[in-house]
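Engineer: have a look at this prediction, sequence included:
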Amino acid sequence: LLLPKPILESTRLGCFNGHASLLPRWRGAAPIHRAILAGDAETGMMVMKMDEGLDTGPIAMTERVPIAPEMTAGELHDVLKHVGAALMVEAVQALEAGQLVLTPQTTDGVTYARKIDKAETRIDWARPVAEVHNHIRGLSPFPGAWCEMKINGKLERVKILKSKLFPEANAEGFLRNCADGALEITELQRAGGKAMLAAQFLRGAGAVKIL
């Protein structure tokens, strides 16, 4: 929910928030997921002074963070939470000393990070391989990108948690063709089960067909 004006104006120095994107890119609820889904190579943490808009307030501090090609949303979250905590402490100290400088956000490059909908979690193997890879890591570990598999003849819904764009010749996982290439699945999770490496999964699952 957006904080109403009376609350925003109720404190002597204003309300401040840590936001996990390089504003104005990815304003909204799911900036970490959306950055990876879009294939962004970089994101960051920003401390901003809150106003009545959706992540539209002026920026106080920024720290940029690279997104590695196989980094998942969960891994990026864990990096950003530490960056954000340290940055907020620094911002509050500067605010207390009267030295915090606020810079209005630019109007160029505004994008919105809408909430992840269940309808977009199923993997579409007909898409380009890079998009499928970003889909998997952008939703890992939660809510999880999923597909159906036939395991020993029984149809199951399985979450794919990690993948590789360029399969190795001696890959221990298994491959799935996409629109323009093959993707190596390296970590997955059966319903009600634990996350496991693909090699472990294959040893215990028997005959497997990805649908």
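Structural biologist: Structure received. What you see is a predicted model, and the numbers here were worked out from it, not measured in a lab.
Engineer: just to check, residue 110 is in contact with residue 27?
Structural biologist: Yes. Between residue 110 and residue 27 there is a contact under C-beta atoms under 8 Å: 6.8 Å. C-beta coordinates here come from the backbone N, C-alpha and C atoms, glycine included.
Engineer: of these two, which one has the most company?
Structural biologist: Using other C-beta atoms under 10 Å, the more surrounded residue of residue 110 and residue 27 is residue 27, with 20 against 14.
Engineer: now do the same contact list for that one.
Structural biologist: Residues counted as contacts of residue 27 (C-beta atoms under 8 Å, 6 or more residues apart in numbering) are 19, 21, 54, 55, 56, 110, 111, 112, 113.
Engineer: Throw the residues you listed into a markdown table and include distance to residue 134, pLDDT and secondary structure, thanks.
Structural biologist: Compiled in a markdown table, the contacts of residue 27 are given as follows (distance: C-beta to C-beta, whole Å; pLDDT from 0 to 100; DSSP: H, G, I helix; E, B strand; the rest coil):
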| residue | distance to residue 134 | pLDDT | secondary structure |
| --- | --- | --- | --- |
| 19 | 21 | 98 | strand |
| 21 | 16 | 98 | coil |
| 54 | 24 | 95 | coil |
| 55 | 23 | 97 | coil |
| 56 | 27 | 97 | coil |
| 110 | 21 | 97 | coil |
| 111 | 15 | 98 | coil |
| 112 | 18 | 97 | strand |
| 113 | 14 | 98 | strand |
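Engineer: buried subset of the residues you listed?
Structural biologist: 19, 21, 55, 56, 111, 113 (16 or more other C-beta atoms under 10 Å).
Engineer: check contacts around the first one.
Structural biologist: With contacts defined as C-beta under 8 Å, 6+ apart, the neighbours of residue 19 are 27, 31, 45, 46, 47, 48, 55.
Engineer: what do you get if the cut-off is 6 Å, keeping everything else the same?
Structural biologist: 46, 48, 55 (C-beta atoms under 6 Å, 6 or more residues apart in numbering).
Engineer: so which of those comes closest to residue 68?
Structural biologist: Looking at those and their distance to residue 68, the nearest is residue 46, at 20.4 Å (C-beta to C-beta).
Engineer: gap between the closest one and residue 24?
Structural biologist: For residue 46, the distance to residue 24 (C-beta to C-beta, to the nearest Å) stands at 10 Å.
Engineer: with neighbour numbers in mind, choose between the two.
Structural biologist: The neighbour comparison of residue 46 against residue 24 (other C-beta under 10 Å) goes to residue 46, with 26 against 18.
Engineer: helix or strand right after the helix or strand where the more buried one lies?
Structural biologist: Using DSSP states H and E, residue 46 sits in strand 42-49. As assigned by DSSP H and E, the chain's next helix or strand after strand 42-49 is strand 59-66.
Engineer: which residues touch the strand holding residue 46?
Structural biologist: Contacts of strand 42-49 (C-beta under 6 Å, 6+ apart): 14, 16-23, 35, 57-67, 80, 83-84, 87-88, 91, 102.
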